[in-house]
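# Generate coordinates for the sequence data below:
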Amino acid sequence: MLVAAAVCPCPPLLVPEVAAGAAPELDTARAACSDVIGVLAASRPDRLVVVGPAGARGRGTHAQGARGSFRGFGVDLDVRLGAAPTGAAGSHGGEEGAAGELPVSLAVAGWLLERTRWSAAPLEGLGVAEPLEAERCVRLGEEIAGRAERVALLVMGDASACRTLKAPGYLDERAAEFDAAVARALAAADVTALKELDADLAGQLKAAGRAPWQVLAGAAGARGGAALSGELLFDDAPYGVGYLVAAWS
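Coordinates of the predicted model:
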């Protein structure tokens with residue numbers, strides 16, 4: 001069952017080498033991410049599952065030690081999703097399809113885990129299609145919660161990308177309200193509110209975290225699971241994109 005979860009944004013700019021001169025602007029977000037990963041370690045999980053949005057090439061299950069890269073962002077930096085077990089192949093196909101190199105969201109997660117020196121439990125990654133229907137996300141979360149007696153989730157995903165005129169998705173007046181609703185749900189560990197997020201609206205607002213958040217809702221609401229409490233550690237929209245960091249324990 002799910003015993004703890006951490007929610008983090010997944011912009012490549014979290015990685016200082018990618019952000020370059022703008023790196024200090026996200027120092028507070030990085031610190032919050034480190035804090036929530038510490039909550040996961042303190043929960044003494046038997047297994048950590050890292051969930052993040054993925055395109056067609058990154059969907060599916062990625063084994064511990066799978067490789068990711070930030071070369072597409074002009075940085076000669078490779079990462080792994082946790083320390084590679086001896087003899088590990090790196091990744092294998094999962095429910096969402098064949099998985100190759102880590103999608104960006106899981107590469108960012110790999111960087112965060114390396115930064116915090118994760119060693120609390122074995123782990124695996126799951127790249128989830130951004131348009132995946134809510135019902136399938138919830139079922140996937142329920143299945144994940146049953147994989148071990150004590151499961152922890154690291155949930156990667158950004159909120160809307162439409163908060164300002166210079167945002168990637170331009171300004172949409174609905175974006176601030178959508179992000180505020182997600183922030184309230186994460187702060188309260190409100191499983192029902194996350195399950196009821198409007199997938200169409202999330203897509204219009206380019207909120208890549210919608211599907212991973214609904215996987216979290218499914219895992220937290222799985223039968224036999226303990227009720228978790230939530231805490232919101234970071235809520236801001238630098239560059240016009242909503243970044244949320246929360247801990248459930």
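
# Got the confidence number for residue 205?
pLDDT, residue 205: 98.

# Ignore what I typed, I meant residue 224.
With respect to pLDDT, residue 224 has a value of 66.

# same deal with the one 10 residues further on?
Among the per-residue scores, residue 234 holds a pLDDT of 98.

# Let me know the secondary structure of it.
Following DSSP: H, G, I helix; E, B strand; the rest coil, residue 234 is assigned to strand.

# contacting residues around it?
Residue 234 makes contacts with 28, 29, 32, 33, 243, 244, 245, as judged by CB atoms under 8 Å, 6 or more residues apart in numbering. Where C-beta positions appear, they are placed from N, C-alpha and C, glycine not excepted.

# Quick check, the second one in contact with residue 14.
Yes - applying CB atoms under 8 Å as the test, residue 29 and residue 14 come out as touching, 6.6 Å apart.

# just the contacts of residue 234 now: which is nearest residue 201?
When those are compared for distance to residue 201 (CB to CB), residue 244 wins out at 16.5 Å.

# Quickly list what that closest one is bridged to.
On the basis of DSSP bridges, residue 244 is bridged to residue 235.

# With residue 57 as the reference, measure out to it.
To residue 57, residue 244 is 26 Å away according to CB to CB, to the nearest Å.

# what do you get for residue 119?
Taking CB to CB, one finds residue 119 at 29 Å from residue 57.

# neighbour count winner among these two?
Using other CB atoms under 10 Å, the more surrounded residue of residue 119 and residue 57 is residue 57, with 13 against 10.

# That one should be in a helix, yeah?
No - counting by three-state DSSP, residue 57 falls outside a helix, being coil.

# tell me the contacts of the residue sitting nearest the centre point of the chain?
The chain has residue 156 as the residue nearest its centroid, 1.1 Å off, counting by CA atoms, centre = their mean. Going by CB under 8 Å, 6+ apart, residue 156 touches 8-10, 50-53, 105-106, 108-109, 209, 212.

# Of these, which belong to helices?
The members of the contacts of residue 156 that map onto helices under DSSP state H are 105, 106, 108, 109, 212.

# show me where this protein has strands.
2-8, 47-54, 60-63, 67-69, 78-80, 123-129, 151-156, 230-236, 243-248 (DSSP state E).

# Kindly reformat those strands as CSV containing distance to residue 172.
CSV is the format used below for the strands of the chain (distance: least, CB to CB, whole Å):
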stretch, distance to residue 172
strand 2-8, 22
strand 47-54, 19
strand 60-63, 31
strand 67-69, 30
strand 78-80, 32
strand 123-129, 22
strand 151-156, 23
strand 230-236, 18
strand 243-248, 17
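
# so residue 73 sits right up against residue 14, yeah?
No - counting by CB under 8 Å, residue 73 stays clear of residue 14, with 11.5 Å between them.

# Give me the more crowded residue out of the two.
Set residue 73 next to residue 14 and count neighbours by other CB under 10 Å: residue 14 wins out with 22 against 15.

# ok, residue 162 - contacts?
168, 169, 170, 171, 172, 174, 175, 205, 206, 240.

# err, residue 74, not the other one
Counting by CB under 8 Å, 6+ apart, residue 74 touches residue 18.

# Relative to residue 12, how far out is it?
From residue 74 to residue 12 the distance is 10 Å (CB to CB).

# Give the residues shared as contacts by those two.
Common neighbours of residue 74 and residue 12 (CB under 8 Å, 6+ apart) are residue 18.

# Which helix runs longest in this protein?
The chain, longest helix under DSSP H: helix 27-42.

# where does this protein have low pLDDT?
86-100, 223-226 (pLDDT under 70).
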